[in-house]
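Chemist: Next input, structure requested:
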Amino acid sequence: MSSASPNSTPSLAGKNAWARFDQWGRSSRGLVILSLLSMAFAWGSFLTYYEVWFDLNEPPATSGDEPDYDSLGWELSHGRGYQVNTDDPEFRRPYDAAATASDRFQLGHGHHGPITYRPPLFPMLIAGSDLAFGRQFWSIRVFNSGCMAATCGITVAFLLSRWGVGPALIASCLFVVVDPRSRLYGRAILTEALSAFLVAVLVAVLWQQTRRRGWIWPALAGVVFGLAILGRSLFILWLPGLIFVVGFIAWRTATSRRILYTGLSAGLFLAVTLLMLVPWGVRNCQLLGTFMPLGTQGTSQLSAAFGDEAWAARGAWVHLEKTNFFDGVLRDDMTLLERELATARVSGPRALQWIQQHPAKAIALVPLKILQEFRPRTWGEGIVLLLALIGAVISRRDVISQICLVLLAINCVAIGATWSVEGRFLVPLLFAFHYWAAIGAWTVVRRLVPRID
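Modeler: Below is the predicted model of the structure:
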């Protein structure tokens, strides 16, 4: 006589059904279908949210960087070069119309001329959207939300192939519903969404390099990383670390002439990356009359990284021009390029002098900046971070997790060398955080609901 519970058969059937679904999800066909579905779910959710709660075609607020990128794209689309011009009547029209209802759309005057401190990739994409659709904002938001959705899809694909359907489904929910950063930067006319997508692609390329020996992977990594730098100048600080990563992977996968193969792989990655930057670098050097291939931003803002203002803000970024830092340096009759050069000539040397005079404070600022960047600003960020910590420990032997850990460490060095922008410098690593968070959440779920195994 069997002592089995009457519910054991349905329970067993449920387990078998889940096992079959999990097996299908790990197959090539299932992986592609579920990844595309997760991307479609994310993209559709973002666009619906933007249209219902905001307005997909609403101009951005004028207090941040968004109008600069918008203006650069608009000027490029009209063949006027890489410059900003907030006085252009057609460019101003949507801002002035929105400003009648809210002061946050009030756009200043007199911001006109070529600049070097904004990288070119994102404005070029805006220019393409302006050429295709005219004066509007919806198309670049569709693109940015698509980048976020693609990042979600890539995360799901890797989770399916390595951890199964459970973590993949959780990742979609965490990415779209719980984490506010994916929604925020999918709508913002900023570079975060594109950066998050390119970093996810870079992880995929580095993973392929661990599996397949060949020159294509270091070269492709150089292309992707070159695009990332052209989209966000901070990535240049990743370059030394990534040269080591590419070289280390080459060393591990070499079957003969290990030293030669390692050196050539790292060299190829570096050469392709630098080649991607040549046109932008030549343009900036010619325009500035000095060797600043990535423009003035790093040097002109160095005192925001190391200085009394940075120490008072505990490593958070400070808008130096809104303090008295540049008193007597900047004049109203200066062009934008003259202002860039003037701030760079003052800020850089002063920061180096401050570091020499206050070495203990300079060292202490490094962990302060990193802590500022990791500190959650919302409950959603806090949940993702907590789950990611669990997942990173659980998956520490997983090669994708190891690549992500190295990239996170490299990014922390970059943050320590610059400043915290209250979480924005972590957005490019959303793939890593959600890869770990899904694994962490799945581990918690399996502990709470043992029958799910």
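
Chemist: pLDDT weak spots in this protein?
Modeler: 1-15, 450-453 (pLDDT under 70).

Chemist: Strands of the stretch 201-350 of the chain, start to end?
Modeler: Applying DSSP state E, counting those that start in this stretch to the stretch 201-350 of the chain gives no strands.

Chemist: So what does residue 85 have for phi and psi?
Modeler: phi -160, psi 90 (degrees, to the nearest 10).

Chemist: how many neighbours does it have?
Modeler: Residue 85: 17 surrounding residues under other CB atoms under 10 Å. Quick note: C-beta positions are derived from backbone N, CA and C, even for glycine.

Chemist: And the strands in the stretch 51-200 of the chain, which stretches?
Modeler: Counting by DSSP E, counting those that start in this stretch, the strands of the stretch 51-200 of the chain are 83-85, 112-114.

Chemist: quick one, which of these is nearest to residue 442?
Modeler: Ranking the strands of the stretch 51-200 of the chain by proximity to residue 442 (CB to CB) places strand 83-85 first, at 46.6 Å.

Chemist: where's the helix or strand containing residue 382 relative to the chain centroid, distance-wise?
Modeler: Following DSSP states H and E, the helix or strand that holds residue 382 is helix 379-394. From the chain centre to the centre of helix 379-394 is a distance of 18 Å (CA atoms, centre = their mean, to the nearest Å).

Chemist: tell me the angle the very next helix or strand once past that helix makes with helix 379-394.
Modeler: Downstream of helix 379-394, the first helix or strand assigned by DSSP H and E is helix 399-417. Comparing the axes of helix 399-417 and helix 379-394 via axes from the mean of the first three to the mean of the last three CA atoms, to 10 degrees yields an angle of 120 degrees.

Chemist: Give me the residues contacting helix 399-417.
Modeler: 158, 162, 199, 202-203, 206-207, 210, 234-235, 237-238, 241-242, 245, 305, 365-367, 369-370, 373, 391-392, 395-396, 425-426, 428-429, 431-432, 435-436, 439 (CB atoms under 8 Å, 6 or more residues apart in numbering).

Chemist: For it, C-alpha coordinates in PDB please.
Modeler: Provided in PDB are the C-alpha atoms of helix 399-417 (Å, rounded to 0.1, in the frame of the first residue of the first chain):
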ATOM      1  CA  VAL A 399      33.500  32.900 -16.600                       C
ATOM      2  CA  ILE A 400      30.900  35.600 -17.400                       C
ATOM      3  CA  SER A 401      30.800  36.500 -13.800                       C
ATOM      4  CA  GLN A 402      34.600  36.700 -13.700                       C
ATOM      5  CA  ILE A 403      34.700  39.000 -16.700                       C
ATOM      6  CA  CYS A 404      32.000  41.200 -15.100                       C
ATOM      7  CA  LEU A 405      33.900  41.300 -11.800                       C
ATOM      8  CA  VAL A 406      37.100  42.400 -13.600                       C
ATOM      9  CA  LEU A 407      35.200  45.100 -15.500                       C
ATOM     10  CA  LEU A 408      33.600  46.300 -12.300                       C
ATOM     11  CA  ALA A 409      37.000  46.600 -10.600                       C
ATOM     12  CA  ILE A 410      38.300  48.500 -13.600                       C
ATOM     13  CA  ASN A 411      35.300  50.800 -13.400                       C
ATOM     14  CA  CYS A 412      35.900  51.400  -9.700                       C
ATOM     15  CA  VAL A 413      39.500  52.500 -10.500                       C
ATOM     16  CA  ALA A 414      38.100  55.000 -13.000                       C
ATOM     17  CA  ILE A 415      35.600  56.300 -10.500                       C
ATOM     18  CA  GLY A 416      38.300  56.700  -7.900                       C
ATOM     19  CA  ALA A 417      40.400  58.600 -10.400                       C
END
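
Chemist: List the buried residues of that helix.
Modeler: 400-408, 410-412, 414-417 (16 or more other CB atoms under 10 Å).

Chemist: Verify the contact between residue 227 and residue 121 for me.
Modeler: Yes: using CB atoms under 8 Å, residue 227 is in contact with residue 121, at 6.3 Å.

Chemist: coming back round to it: would you mind pulling up the elements that the helix holding residue 382 packs against?
Modeler: helix 180-187, helix 399-417, helix 430-448 (3 or more CB pairs under 8 Å, 6 or more residues apart in numbering; DSSP states H and E).

Chemist: repeat that with 6 Å
Modeler: helix 430-448 (3 or more CB pairs under 6 Å, 6 or more residues apart in numbering; DSSP states H and E).

Chemist: I'd like the distance from stretch 197-215 to the chain centre, please.
Modeler: 17 Å.

Chemist: And the contacts of that stretch?
Modeler: Contact with stretch 197-215 is made by 147, 150-151, 154, 217, 220-221, 224, 227-228, 249, 253, 399-400, 403, 428, 431, as judged by CB atoms under 6 Å, 6 or more residues apart in numbering.
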